[in-house]
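Trainee: got a predicted structure here, sequence first:
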Amino acid sequence: MTHKEKALQYFSDKFHCSQAVLAAFAPELGITEEQALKLGACFGAGMRKGEVCGACIGALMVLGLMYGQFNKDDVESRMRANKVNVEMMNGFAEKSGSYICNELLGCDIRTEEGIRYARENDLFTDFCPKMVANAVDVLEEIIQNNGEKE
């Protein structure tokens, strides 16, 4: 099963977009799928506020685990993490139209009427899977261009 198929399966199983993307890459990151699902649990729907899309956040967590700085003296890894962060945000926005959840959905999910609009228009079930797929596509391209994790 590909990363995209796995992420879409998690999402169809009612996990948040952030959980779905992170968990799809868990085995390569040295964490369990359970840990990934727990870690990503509070980031779906733009942290429940319609901010940065949870699928994009899940991808950023993958990149952090792959390229993130963990040694205070390792400036090179900090610069590499910053670089892939910008690549992810820009690539996702280019592919999706934005990286802000409320802009992508066309409603404000901080409000009851925004959530109602999203549900009535099947945005969470029909539109959001496309964002999960887009996040995985951009993420895989970044990984391919930057090499495997350190």
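Mentor: Yep, it's here. Every value quoted in this text rests on a predicted model; they were computed, and no experiment measured them.
Trainee: which residues sit against the worst-scoring helix or strand of the chain on mean pLDDT?
Mentor: Lowest by mean pLDDT, DSSP states H and E among the helices and strands of the chain is helix 44-45, with a mean of 94. Outside helix 44-45, the residues within contact range by CB atoms under 8 Å, 6 or more residues apart in numbering are His16, Cys17, Ser18, Gln19, Gly54, Cys101, Ile109. In short, each C-beta sits where N, CA and C put it, glycine included.
Trainee: nearest to Lys38, of these?
Mentor: Gln19 (8.4 Å; CB to CB).
Trainee: not counting sequence-adjacent ones, nearest residue to that closest one?
Mentor: Closest residue to Gln19 apart from its sequence neighbours, by CB to CB, 6 or more residues apart in numbering: Gly40 at 3.7 Å.
Trainee: quick one: that neighbour and Val62, what's the gap?
Mentor: Using CB to CB, to the nearest Å, Gly40 is found at 10 Å from Val62.
Trainee: which of the two has more neighbours?
Mentor: Taking other CB atoms under 10 Å, Gly40 and Val62 do not tie; Val62 has more neighbours (30 against 25).
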